[in-house]
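*Asks:* give me coordinates for this.
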Amino acid sequence: MELLGISTNVWGLIVSYLFVFAMIGLSTVLQKQRILNDEGARKFIHIGVSNWYLIAMLFFDNVWFAIIPPITFIILNYISYKQNLFKAMERNGRGNLGTVYFPMSLLIVTYISFNNTLGFQDPKAMQYFGALAILILGYGDGFAAVFGKALGKKKLYQDKSWVGSMAMFGFSFVVAFTLLLVFSGASQVFFIALIISVFATLIELFSPRGLDNLTIPLGVFMLYYLIFLGVIA
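*Replies:* The predicted structure follows:
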């Protein structure tokens with residue numbers, strides 16, 4: 001498929017890079033203007049970039065094009081982790097491997113989803129799985145940190161707060177319920193969204209800092225796959 005004589009996969013690459021660098025640039029500006037603090041700038045990028053998966057679903061019909069942006073940002077984020085290249089992404093100026101794990105999870109989920117690795121009759125169904133996993137990571141984990149840092153005085157487990165965990169649950173539920181309502185043929189949308197959001201909250205709670213950028217999307221992806229087999233198949 002082409003648009004203005006250019007493959008939609010190529011357009012996907014162009015839009016992907018413009019979008020991600022726009023998120024980083026806007027976050028940097030807001031940080032320098034003191035509209036966002038360091039943690040707010042990081043989570044602005046975290047939440048914003050998770051929406052890249054929707055761009056991927058819109059433009060890419062070839063898995064090898066779809067995985068190019070995640071691979072690119074694994075490399076760039078690792079350089080930033082070592083050299084503090086993108087200051088808005090790094091926690092208090094110190095490198096954090098969570099910024100590398102994020103595009104790693106994008107790569108894994110995108111490859112499985114766009115390659116239809118699990119062999120679904122409808123290949124698009126796998127992409128909805130990926131959207132669920134990545135957007136829960138983006139919005140759930142992102143807002144958990146925002147609310148936890150701002151209001152989380154009472155700790156639940158190690159450095160995780162009650163407020164942060166409730167935010168994780170709430171935003172995960174909204175994402176799961178919305179996506180399942182729009183894309184899923186399941187009859188028990190509320191109950192399934194509840195299970196997924198509780199599970200995602202527990203993963204976020206017990207995962208070491210940064211590693212949840214891998215454990216949340218992969219865990220949610222596999223859980224919904226098992227639910228899909230049992231409820232819809």
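
*Asks:* which residues in the protein form helices?
*Replies:* 8-32, 38-50, 52-59, 63-66, 68-83, 98-114, 123-135, 142-151, 162-183, 189-206, 212-231 (DSSP state H).

*Asks:* extract the CA atoms of the shortest one and return them as PDB.
*Replies:* Coordinates of the C-alpha atoms in helix 63-66 are reproduced here as PDB (Å, rounded to 0.1, in the frame of the first residue of the first chain):
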ATOM      1  CA  VAL A  63       7.200  -6.700  10.800                       C
ATOM      2  CA  TRP A  64      10.700  -5.900   9.600                       C
ATOM      3  CA  PHE A  65       9.800  -2.200   9.200                       C
ATOM      4  CA  ALA A  66       7.900  -2.200  12.500                       C
END
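
*Asks:* list the contacts of it.
*Replies:* Helix 63-66 has contacts (CB atoms under 8 Å, 6 or more residues apart in numbering) with 9, 10, 12, 13, 56, 60, 110, 111, 114, 115. All C-beta spots, glycine's among them, are computed from the backbone N, C-alpha and C.

*Asks:* now the helices of the chain in a markdown table, with mean neighbour count?
*Replies:* Listed next are the helices of the chain as a markdown table, based on neighbours: other CB atoms under 10 Å:
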| stretch | mean neighbour count |
| --- | --- |
| helix 8-32 | 17 |
| helix 38-50 | 21 |
| helix 52-59 | 20 |
| helix 63-66 | 19 |
| helix 68-83 | 18 |
| helix 98-114 | 23 |
| helix 123-135 | 22 |
| helix 142-151 | 20 |
| helix 162-183 | 20 |
| helix 189-206 | 19 |
| helix 212-231 | 20 |
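
*Asks:* switch the ones you listed over to CSV; also include mean pLDDT.
*Replies:* Output for these, formatted as CSV (pLDDT from 0 to 100):
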stretch, mean pLDDT
helix 8-32, 94
helix 38-50, 89
helix 52-59, 96
helix 63-66, 95
helix 68-83, 88
helix 98-114, 92
helix 123-135, 89
helix 142-151, 89
helix 162-183, 94
helix 189-206, 95
helix 212-231, 88
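
*Asks:* which residue packs closest to the residue sitting nearest the centre point of the chain, ignoring adjacent ones?
*Replies:* The geometric centre of the chain, computed from its C-alpha atoms, lies nearest to residue 134 (CA atoms, centre = their mean), at 3.3 Å. The shortest distance from residue 134 to any non-neighbouring residue, by CB to CB, 6 or more residues apart in numbering, is to residue 53 (4.3 Å).
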